[in-house]
Each structure stands twice: as structure tokens, then as C-alpha cells.
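# next comes the sequence, and after it the predicted model I'd like to discuss.
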Amino acid sequence: MRILILGGTGFLGPHLVDQALAKGWDVTTFNRGKTDPGRLAGDRYAKVRQLKGDRDPKKGDGLKALEALVAEMTKAGERFDAVIDNSSYVPRITKASAELLAPVTQMYQLVSTVSVWMDNSIAPDESTPVATLDDPTVEQITGMTYGPLKALCEQAAEAACPGKTCVVRPGLIVGPGDDTRRFTYWPARIARGGKVLAPRAPKPDDVRVQFIDVRDLAAFQLKLAADGHQGTYIANGPEGPLTMEEMLAGIKASVSDPVEFVWIDEAWLLEQQVAPWMGLPLWIPQGPEYAGAGRANISKALAHGLQCRPLAETARDTLADYLETKPTLPAGTDWGSGREPGISEARERELLEKWAARSS
């Protein structure tokens, strides 16, 4: 297999490169060389053809390196088995790359997101209508435009590569190398031991949590490419339903010192202005507007080879990666600092004390 990865040194890219090399594939990457530029250095990556440029044709050298490669391949009558685009956020930029590469690839695989729906009240599958923008020319990425822009990127890729586009829609991507550290908050916090603040919904058994280990996502993407599958796939996990309580218990069993969870009513947490999702990672309050959260239908992806590793493995490896990188994190990146998700130790103690006083 011969593949081109657009974006290769960030979170997902290195896992794609490493797994593709392990399979003996021919790998080319194209990126700016700014995110962890040394990640693909050394003898291990000597066979990787690394091209530098910018996805935006209007910036710097733009796509010139890719244009030269396309000319070279066209002259030689060569093609990629797949282009894996894991760095598309703006449809104009997706369109430029997809149109350029369409003549020299069998497949254009685009990494999108489950946020294309923007409506957490429903449990989506691949046929659920995506969100739209009143002004599709908007390029500023915000919490409100991110999902619809990704949907437009999907459409731009399909328009440029009709009949040979594969769209992968992951949920929250977690695991080693995750610099958002949303899932990471829980293994790191639980590993400290003691009393851990945890959100309790009115009906805990109805809560669902979904995420996918970056290594499982990369393996699934490469399998889709190898098998030549087109179409759209929701890539999320785990394979069976997982509640918030089950997730935290699973992490506790794999990475913790002695821990006592203090389950606090989510209505009270909201009164205390604890923010869902980022303020207390992966927590989404129960209610009709969130009835579909954590319930994306992944049956199509499972039928096409998606496999999710055990939660314990993801938790252990995520914690180990965090502890290894923690000494190199910039100053001011403590939990709940504004730069990091979660709540600080001081804030957690304050909330636990207030909750205990309220309940006594």
C-alpha cells in the first residue's frame, strides 16, 4: 500500500505513520513541520517521504510540494492507494487538496467528527442530517462553526473525488499523545487517590460515555484504506454501552491508589458553576437536550473492522504518557487553570467540603 497523510506530526498522524510502517507500507506525509517537528525523525522514519508546505494555498509555499509530487507521479503513471486527510477544518482548503490529489489516488479518506450533528438530543447514525451554516463561506473556527465546517469539508472532498471518498467521523479521541487532556484528567486525578469528586445524574444508568483510543482509530482508518471501503463511518467506542460510573470504576481498577468517589448531584454542580465537559471532563448533564449524547450508533464501523481495546489499557497508557510529558508542560497548565480541563485540587476540596456541609 502507498499512502499520503496530510498532517503527520500531531496527535493522530504519528499513530497512522507508525502503524502503516509496521505493515510495510510506503508512507508520504505533508505538513507545515511546526507541530512537534522532530516526531518523525531518526532511522525509524528514514523511508518516510516528508513534504513541507501549508494546506492553505494562500499561505507561504502552500501546496507547491504536493503539486510537484502530483506532476512526478502523473509522469510516472503512479498513484496512491489512499490519501488520508486528518487536518481538514475549512472546506476551501479541503477542496484545494482534494482536487489536486484526485487524479493520483484511489481513495480520499477524510477525518471528520461526530460534531457534524451539533444536536445532542438525538442518537445519530451515518444517515442523520448534518448541521449547516447560514454563511458557508465562514472560515473562523468556533464551538458553533467547527462541526458544520467539518460537514462542508466532507462535501468538498466528495465533490472533488466522487465515488472514492471515505469519511471517518470519530468522537472524542483519547490516549497517548492527547494534548487536550480531557479524558486524561480522570486517570491523572484517580491516580492521586483520596476523595474524588464525580458527577451523578438523576438516572445514572441512562448516562452514556463514548470515546475512541487514537491507536484504535488509526488501525480502523488503515483497515478501511486497505479494504477499499468508501462511504461514511462513525468511529467511536467502546463496543458496548458505558456509563460514567463504569468508566470511572474501570479507570480506578487499572491506575489508582486507594480512591473514594464522592458522587455529587449534577444539579448542585451546575448551581456551583462547574462547567460540563471541560470543567468536569466528559460530563454532560442529563436532560432532553442531551438525550443522544454518548449514544452514536457505531454498528457500521464495527461491522467493517473497528476494534476497541480495553478501557484499562487506554487508561494505563494515557496516564503513563501524561506522567512522562508533565515535566515539559508550560507553566500554568495545572488542572482547571483555564489552559487545562478539569478542576484544580483546591477547587475540588472546596466543593467536597461544601457538599459535605450541605448533606450533614
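Good, I have the coordinates. Residues are numbered from 1 along each chain as shown.

# can you confirm residue 28 is in a helix?
No. Checked against DSSP: H, G, I helix; E, B strand; the rest coil, residue 28 lies outside a helix; its state is strand.

# for residue 171, see how far away it is.
As judged by CB to CB, to the nearest Å, residue 28 and residue 171 stand 28 Å apart. Glycine gets a C-beta too; all of them are placed from N, C-alpha and C.

# kindly report the same for residue 304.
17 Å.

# residue 237 against residue 213, yeah?
Yes. Between residue 237 and residue 213 there is a contact under CB atoms under 8 Å: 7.1 Å.

# now the common contact residues for those two.
Counting by CB atoms under 8 Å, 6 or more residues apart in numbering, the residues touching both residue 237 and residue 213 are residue 308.

# what ranges do the helices span in the protein?
Ranges of helices in the chain, per DSSP state H, are 12-22, 64-76, 91-101, 146-160, 185-192, 214-227, 244-255, 266-271, 299-303, 311-325, 345-359.

# how about the ones you listed in CSV, adding mean neighbour count?
Shown next, in CSV, are the helices of the chain (neighbours: other CB atoms under 10 Å):
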stretch, mean neighbour count
helix 12-22, 21
helix 64-76, 14
helix 91-101, 21
helix 146-160, 22
helix 185-192, 21
helix 214-227, 21
helix 244-255, 20
helix 266-271, 16
helix 299-303, 16
helix 311-325, 18
helix 345-359, 14
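
# nearest approach to residue 33 belongs to which of the ones you listed?
Nearest of those to residue 33, taken as CB to CB: helix 64-76 at 10.8 Å.

# what is the closest one packed up against?
The helices and strands touching helix 64-76, judged by 3 or more CB pairs under 8 Å, 6 or more residues apart in numbering; DSSP states H and E, are strand 26-31, strand 49-52, helix 91-101.

# would TSV of these with mean pLDDT and distance to residue 218 be doable?
Shown next, in TSV, are those (pLDDT from 0 to 100; distance: least, CB to CB, whole Å):
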stretch	mean pLDDT	distance to residue 218
strand 26-31	96	12
strand 49-52	96	18
helix 91-101	98	20
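
# of all these, which one is nearest residue 316?
Smallest distance to residue 316 across those (CB to CB): 28.2 Å, for strand 26-31.

# contacts only, for the closest residue to residue 258 other than its chain neighbours.
Among residues not flanking residue 258 along the chain, residue 193 sits closest, at 5.4 Å (CB to CB, 6 or more residues apart in numbering). By CB under 8 Å, 6+ apart, the residues touching residue 193 are 256, 257, 258, 259.

# restricted to buried residues, select those in PyMOL.
A single PyMOL command is used to select the members of the contacts of residue 193 judged buried by 16 or more other CB atoms under 10 Å:
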select buried, resi 256+259
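
# rewinding a little: and the gap between the residue nearest to residue 258 and residue 226?
As for residue 193, its distance to residue 226 is 44 Å (criterion: CB to CB).

# and which of the contacts of residue 193 is nearest residue 73?
Of the contacts of residue 193, the one sitting nearest to residue 73 (CB to CB) turns out to be residue 256, at 51.6 Å.
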